[in-house]
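Visitor: Dropping the sequence and predicted coords here.
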Amino acid sequence: MQKIGYLLILLGVILFVYYKFPRKPSKTIEQKIGKQNFTLEIANTPYLLSKGLSGRTKLCPNCGMLFIFGHESTQTFWMKDTLIPLDMIFIKASGQITDIYTASPEMGKSDFQLTLYKSTQPVKYVIELNAGTAKNLNLKTGEYLKLSIWYN
């Protein structure tokens, strides 16, 4: 019985460390958006695509995340466990911006109450930046971005 207690404590410690100190994405890219350079963490695995920027308490002014999906499809994002306000920029494989949303943390809401941010067209990429960045860069739906990932 005592061994089970120790195993449960060990499991709790492992889970705490796993969620408190998540693995870093394996790759980042430098991306020019408008006239500003950004360092974007790449999310292209099931773990990174689902984790995104959740749990972070800050994001540097020129940082963000680039979500890369296997093929173009309608994508839906939410702010589950996300602690910082974000801009979400939905982008087709061609580089055309389809949607831009500014989302705020929704602490205290159940998963079923969270706002869903859905692309209006199939997209291959989503970029998340600090809230207000898309407006400061004067990004508009319909315009095109040249993503560095295409050149790597």
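Guide: Here it is on my side, so go on.
Visitor: Now do the SS call for Cys60.
Guide: coil (DSSP: H, G, I helix; E, B strand; the rest coil).
Visitor: Which residue, neighbours along the chain excluded, lies closest to it?
Guide: Thr39 (7.8 Å; CB to CB, 6 or more residues apart in numbering). C-betas here are computed from N, CA, C, even on glycine.
Visitor: partners of the one you found in the sheet?
Guide: Bridge pairing for Thr39 (DSSP bridges) gives the partners Glu30, Cys63.
Visitor: residues near it, how many?
Guide: As a burial measure, Thr39 scores 12 neighbours (other CB atoms under 10 Å).
Visitor: give me every residue that touches it.
Guide: Thr39 sits next to Thr28, Ile29, Glu30, Gln31, Cys60, Asn62, Cys63, Gly64 when contact means CB atoms under 8 Å, 6 or more residues apart in numbering.
Visitor: ok, it to Thr120 distance?
Guide: 28 Å (CB to CB, to the nearest Å).
Visitor: Ok, Thr45 next?
Guide: In terms of CB to CB, Thr45 sits 26 Å off from Thr120.
Visitor: average pLDDT across stretch 31-45?
Guide: Per-residue pLDDT over stretch 31-45 has a mean of 94.
Visitor: do stretch 85-103 as well
Guide: Mean pLDDT, stretch 85-103: 97.
Visitor: Show me the helices in this protein, by range?
Guide: 2-20, 46-51, 133-136 (DSSP state H).
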